[in-house]
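Visitor: Predicted model, plus sequence, below.
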Amino acid sequence: MNPNIAGKTVIITGCSSGMGAAAARHVASQGANVVIAARRLDKLEALAGEITEAGGHALPIAVDVTDRDGMLKMVSTVVKEFGHIDVLVNNAGVMPLSPLERLKIEEWEQMIDVNLRGVLYGIAAALPYMKEQKSGQIINTGSVAAYKLFPAAAVYCATKFAVRELPPEFRLPRADG
């Protein structure tokens, strides 16, 4: 247990696999109440079971980060369940690969929607609660692709560059000083 995180409420998007699932396991092992969010409820329920079996606490919530109303509802549910939000980790992301000349416009739109709009929708959902409670952190997951262009990942790189240009984390002063 880590006294800096024990009892905190942490929302992590993109938890159905990869870095999101790993982050959820870690913060739960440190005593946080972790809200695991992604589109695939079956994957979230399996992860929640794993975390619970290991002695942690996880609340699975199926949400698509590209659904602004869904993100607002998720954050509202978390506030009702735990009374506050300490951390939001905007982690959901997609990375289909193809050179620009293939004109896979639907894939471009999906990357922009998930990798950029999803981050903004998370901020828009959580920040008002954090401002009201006068504390909280928002962490946006980036990528080395924000710094180095990969030809088959031009749009992905652009979305991660845009996220990089947002403040990397929002940290409000703690209510107790």
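Guide: Here it is on my side, so go on.
Visitor: and I138, that one's in a helix?
Guide: No. Counting by DSSP: H, G, I helix; E, B strand; the rest coil, I138 is located in no helix; its state is strand.
Visitor: please begin residue numbering at 189 from this point
Guide: I'll keep to 189 as the first residue from here, and by that count the last item is I326.
Visitor: From K348, how far off is F338?
Guide: In this structure, F338 and K348 are 10 Å apart, going by C-beta to C-beta, to the nearest Å. Just so you know, the C-beta spots here come from the backbone N, C-alpha and C atoms, and that holds for glycine as well.
Visitor: So which of those two has more stuff around it?
Guide: In terms of neighbours (other C-beta atoms under 10 Å), K348 is the more surrounded of F338 and K348; the figures are 24 against 13.
Visitor: quick one: that one and K336 touch, right?
Guide: No. Counting by C-beta atoms under 8 Å, K348 sits too far from K336 to count as a contact (10.1 Å).
Visitor: How many neighbouring residues does the residue nearest to R227 when sequence neighbours are not counted have?
Guide: Excluding its sequence neighbours, the residue lying closest to R227 (C-beta to C-beta, 6 or more residues apart in numbering) is D252, at 5.2 Å. D252: 18 surrounding residues under other C-beta under 10 Å.
Visitor: which regions of the chain lie under the pLDDT threshold?
Guide: 356-365 (pLDDT under 70).
Visitor: residues contacting the residue located most distally from the centre of the chain?
Guide: No residue in the chain sits farther from the centre than E289, which is 30.9 Å out by C-alpha atoms, centre = their mean. Neighbour list for E289: empty [criterion: C-beta atoms under 8 Å, 6 or more residues apart in numbering].
Visitor: now the residue nearest to R227: how far from E297?
Guide: Counting by C-beta to C-beta, the gap from D252 to E297 is 14 Å.
Visitor: Might one say that A280 is in contact with G258?
Guide: No. If you go by C-beta under 8 Å, A280 and G258 don't touch, sitting 11.9 Å apart.
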